[in-house]
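the following block contains a protein sequence and its predicted model.
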Amino acid sequence: MKYARMKMNKHSVVSLRRSPVLLFFCMALIAAALPESTQAQEWRIEPIVKFGGEFDDNARLNSRTDLEIELAGFLVDLSANIKYSSARTSFFIEPQVLIRNYPDEPDFDSDDYFLRSQFSHKGQLSTVGFRVSFDQQTIRTAERAISDIDVDDPVEITDDDTGRILLSGERSKWQLSPYWDYQLSNVSSICVGLDYFNVDYEDVFAGLLADYTDARVSLNYRRNFSSVLAGLLTVTGRKYDSAAALGDTSGYGLQVGFERALSEKMHLTAMVGMEDTDQEGVETDPEVVGNVTLIRNMETIRMFVQYRRSVVASGAGRLDVRDALNFNFRRRLNEKISAGLGVRAYQTRGVGGAATIDDRNYIQLQSTFRWYLATSYVIEASYRYTIIDRSEAIGQRANSNQINLWFTYQPKTIPKL
C-alpha cells in the first residue's frame, strides 16, 4: 500500500498557531452575524464561562522531593459552543481559551488554545464527514495524560503524550479526520477514513521532543447479523515521520471483532488483531493490538470502560506500544447533585520490546462533585492523584495531588449527570 506524504504548509501552521485569539473571536463574530430566524430554527449558540482555582503539590511530577514545585493559582476557561443541525446535515464547532495564572510561580502562567469541529452530511446511501481539532498547550499539560470523566467516545481519548513534563515550551497539534461511509446493503456497510496528525514543539531543547506527522488510513467493514449483533473488520495503514528519526516508519494492521447490544442501555465492542511496523534499518515483530469497550447509559448512571492495546505515535521520535485502561463513572445523586470517578492508566514500551528511557507506568485517579445551583450555574470540585513510574527505565517515580474548584456559567446546556 502506498499513499502520498502529506505535509502542511509550515508558514500557515505557524500563522494560525500565533493567532488563536483572532480565530476565537472570528467564530463569535460569525455566530453573532447569523440571521435571528436562522439561529432560532437550526443554529444553537452558547457561550460557556468558567472561573476556577487550582492547587498542585508537584506540578512537574519531579521524582526528587526537594525539587517539587507547588502551584496555586487562578484559571479562566472561555468557550463557545456552536451547533447546526438539519434533516441531513450536522455541524459543530467549539473554540476555547484556557488562561492559567499562578501569582507565586509566574513562569508557569500560560494561555492554552483549543478548537474542536465536526461535520456530517447524509445522502441516500452514504455519509461524508470530518473531525478537526487544534491544540496549543504548554508542555507540562500537553505531555501529561488527563482523565476526563465527561469523555465517553473512544475517538476522543488521545494516546500521544510522552510524560516529559519537566521541560519548558509549547506543543501545537492539528488533527484532521475525514471519512466516507457507504451502505452496501440492508445489513452491511463500509467506511473509509483518515487520521492525520501534525505536531510541532516550540522552545524545547533539541533532541528532547521532536516534531512529527502521523497519517493513518483505515478501511472498516460492518455486517449486522441481527438487531443486537454486528461483525467488524478493520484494515489500516500508516506513515509516521519524525524529525528525530533516521527514516520514515510505516505500519499495516488488521483487526476483527464484534459489537453487541447487551441491553437497551448497554453496548459492548471487542476487537483483536495485529499491527506490523517497519522502520528503515530496524526489524521488529508484529504487535498484538485490540480493544474491549463497554458503554452503559441509564437515567441516573453513565459508565464507560475500555481496555486498549495499540501502537501509538508521540514526540519521542518513534512508535510505542501502549496498554491502556480508561474508566469513567458518573451518578446523579438527586436533581442538583452528581458525583463521578475517572481512571486513566497505561503502560508504555518500545515497539518490538525495545527498552527506552520513555518506558513508564502511568496512573491518574480523579473524583468530581457537581452541584447545579440553577440550570445555568454549576459549582464543580475535583481531586486528581497522579503517579508516573519510570523505575525500570531510569529509576524514577513521582506522584502529585491536584485540587480544582470551578464556577461555571452555561446558559443553554442541559445539566449533565
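Yes, it's here. Numbers count the residues shown, from 1 in each chain.

looking at the protein, which helix or strand does the model trust least?
Within the chain, confidence by mean pLDDT, DSSP states H and E is lowest for helix 10-17 among all helices and strands, at a mean of 40.

for the protein, give me the ranges with low pLDDT.
Applying pLDDT under 70 to the chain flags residues 1-41, 246, 353-355, 393, 414-417.

near D107, how many other residues are there?
D107 has 8 neighbouring residues, counting by other Cβ atoms under 10 Å. For glycine as for every other residue, the C-beta is placed from the backbone atoms N, C-alpha and C.

begin at 26 from now on, thanks
All set: I'll call the first residue 26, so the last point we hit is now D132.

report the contact partners of it.
Contacts for D132 were tallied using Cβ atoms under 8 Å, 6 or more residues apart in numbering; they are S193.

so it belongs to a strand, correct?
No: D132: not assigned to a strand; according to DSSP: H, G, I helix; E, B strand; the rest coil it is helix.

state the distance from it to L103.
23 Å (Cβ to Cβ, to the nearest Å).

just D91 next, same as before
37 Å.

of those two, who's got more company?
Using other Cβ under 10 Å as the criterion, D91 and L103 rank with L103 on top: 16 against 5.

pretty sure the more buried one is touching E119, no?
No: with contact defined as Cβ atoms under 8 Å, L103 does not reach E119; the gap is 11.0 Å.

and the helix or strand where V281 lies, what other elements does it pack with?
Using DSSP states H and E, V281 falls within strand 274-286. Here strand 274-286 touches strand 254-267, strand 291-304, strand 312-322, going by 3 or more Cβ pairs under 8 Å, 6 or more residues apart in numbering; DSSP states H and E.

would you tell me what the next helix or strand after the shortest one is?
Just to be clear, that refers to strand 312-322. Next element after strand 312-322 (DSSP H and E): strand 326-338.

now do that next one: which elements does it pack against?
Using 3+ Cβ pairs under 8 Å, 6+ apart, strand 326-338 sits against strand 291-304, strand 312-322, strand 344-357.

format these as a markdown table; extra columns: distance to P128 and mean neighbour count.
Below are these laid out as a markdown table (distance: least, Cβ to Cβ, whole Å; neighbours: other Cβ atoms under 10 Å):
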| stretch | distance to P128 | mean neighbour count |
| --- | --- | --- |
| strand 291-304 | 47 | 17 |
| strand 312-322 | 42 | 17 |
| strand 344-357 | 33 | 20 |
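
compute the distance between the closest residue to N316 other than its chain neighbours and R85, please.
Closest residue to N316 apart from its sequence neighbours, by Cβ to Cβ, 6 or more residues apart in numbering: R333 at 4.1 Å. Using Cβ to Cβ, R333 is found at 27 Å from R85.

before we move on, back to that, dump the helices and strands packed on strand 274-286 to a markdown table, plus distance to D185.
Formatted as a markdown table, those follow (distance: least, Cβ to Cβ, whole Å):
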| stretch | distance to D185 |
| --- | --- |
| strand 254-267 | 11 |
| strand 291-304 | 16 |
| strand 312-322 | 16 |
